[in-house]
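A.B. asks: structure for the following, please:
(one chain, ligands or ions: 1)
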Amino acid sequence: MKKQYVVIGLGRFGTSVAKTLAEQGADVLVIDANEEKVDQAISYATHAVQADATDEQALRSLGIRNFDVACVCLGEIQSSIMAALICKEQGIDLVLVKAQSEVHAKVLYKMGVDKVVFPERDMGIRVAHNLISSNILDFIELSDDYGIAEIEVHAPWVGKTLVDLDFRKKYGVNIIAIKNGHSVNVSPLPGDVIAEDDVLVVIGEEDSISRLEQYGE
Ligand code: ADP
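C.D. replies: Numbering: from 1, shown residues only. Below you'll find the model as predicted:
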């Protein structure tokens with residue numbers, strides 16, 4: 001059966017989540033207290049409802065317990081905590097919340113929220129990595145120490161196989177995919193040969209990725 005998504009709060013982040021889910025063909029209910037925001041969402045969401053997401057009765061009557069995934073995207077911390085709590089209490093399997101601060105995140109995890117995201121902080125990290133190294137096209141932080149980076153191929157790597165490069169041994173970094181234009185090789189083999197315009201997707205410790213990026217000869 002198709003998964004049912006509910007997105008609470010149609011700020012910039014919530015709207016972007018809801019639109020992308022809808023574009024991917026998902027069923028999305030969006031909830032916002034602001035009538036104008038709800039009206040705008042009618043064009044892309046499966047259902048758009050004006051309601052106060054901190055009002056348990058209101059969420060209950062919308063049948064929120066029937067949803068598989070909830071995404072709470074409210075700017076105000078108190079409202080965000082209330083809405084997340086109601087979603088968890090109603091038994092939604094996966095509740096994801098946009099957090100404003102580490103303290104906010106800590107409270108959310110204590111309440112049993114499944115996933116907390118910091119869109120601004122995460123985008124800041126990605127942008128900074130990209131600014132520091134022109135070869136790092138993108139960076140996703142997995143934890144304080146680990147990340148995934150997309151790295152442009154250095155000239156000495158061209159024509160070599162993954163075995164020749166041996167990044168795992170030399171840098172403790174694994175190549176998890178090789179991108180080329182629109183195509184992505186998601187299970188690279190030891191004998192695959194690196195081309196000049198390839199982009200390597202690597203996973204490892206942040207320090208190791210930096211070393212690979214700086215001294216990757
Ligand atoms: P962003 O930073 O992603 O733009 P905002 O915090 O500016 O997010 O937007 C939050 C959205 O949540 C607004 O559209 C606002 O109308 C809505 N909102 C705020 N409080 C509630 C609430 N209690 N119930 C439902 N929607 C709310």
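A.B. asks: pLDDT score assigned to Y215?
C.D. replies: Here the pLDDT value assigned to Y215 is 68.
A.B. asks: can you check S134 too?
C.D. replies: Confidence at S134, expressed as pLDDT, is 69.
A.B. asks: also P190?
C.D. replies: Here, the pLDDT recorded for P190 equals 94.
A.B. asks: before we move on, what SS does it have?
C.D. replies: With DSSP: H, G, I helix; E, B strand; the rest coil as the basis, P190 sits in coil.
A.B. asks: quick check: domain ranges of this structure?
C.D. replies: 4-117, 122-215 (automatic domain parsing).
A.B. asks: which parts of this structure sit against the ligand?
C.D. replies: When proximity is defined by CB under 6 Å from any ligand atom, the chain lies next to the ligand at 9-14, 31-34, 37, 52-54, 73-76, 79. Using the backbone N, CA and C atoms, a C-beta is placed for each residue, glycine as well.
A.B. asks: which intervals of the chain have sub-threshold pLDDT?
C.D. replies: 134, 215-217 (pLDDT under 70).
A.B. asks: can you map out the helices along it?
C.D. replies: Shown for the chain, the helices assigned by DSSP state H span residues 12-23, 35-41, 56-61, 77-89, 102-110, 119-132, 162-165, 167-171, 206-215.
A.B. asks: let me have those helices in a markdown table, adding mean neighbour count as columns.
C.D. replies: Output for these, formatted as a markdown table (neighbours: other CB atoms under 10 Å):
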| stretch | mean neighbour count |
| --- | --- |
| helix 12-23 | 18 |
| helix 35-41 | 16 |
| helix 56-61 | 15 |
| helix 77-89 | 20 |
| helix 102-110 | 15 |
| helix 119-132 | 14 |
| helix 162-165 | 16 |
| helix 167-171 | 15 |
| helix 206-215 | 17 |
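A.B. asks: just send the ones you listed back as a markdown table, with distance to I148 too.
C.D. replies: Below are the helices of the chain laid out as a markdown table (distance: least, CB to CB, whole Å):
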| stretch | distance to I148 |
| --- | --- |
| helix 12-23 | 20 |
| helix 35-41 | 32 |
| helix 56-61 | 35 |
| helix 77-89 | 27 |
| helix 102-110 | 21 |
| helix 119-132 | 11 |
| helix 162-165 | 17 |
| helix 167-171 | 14 |
| helix 206-215 | 9 |
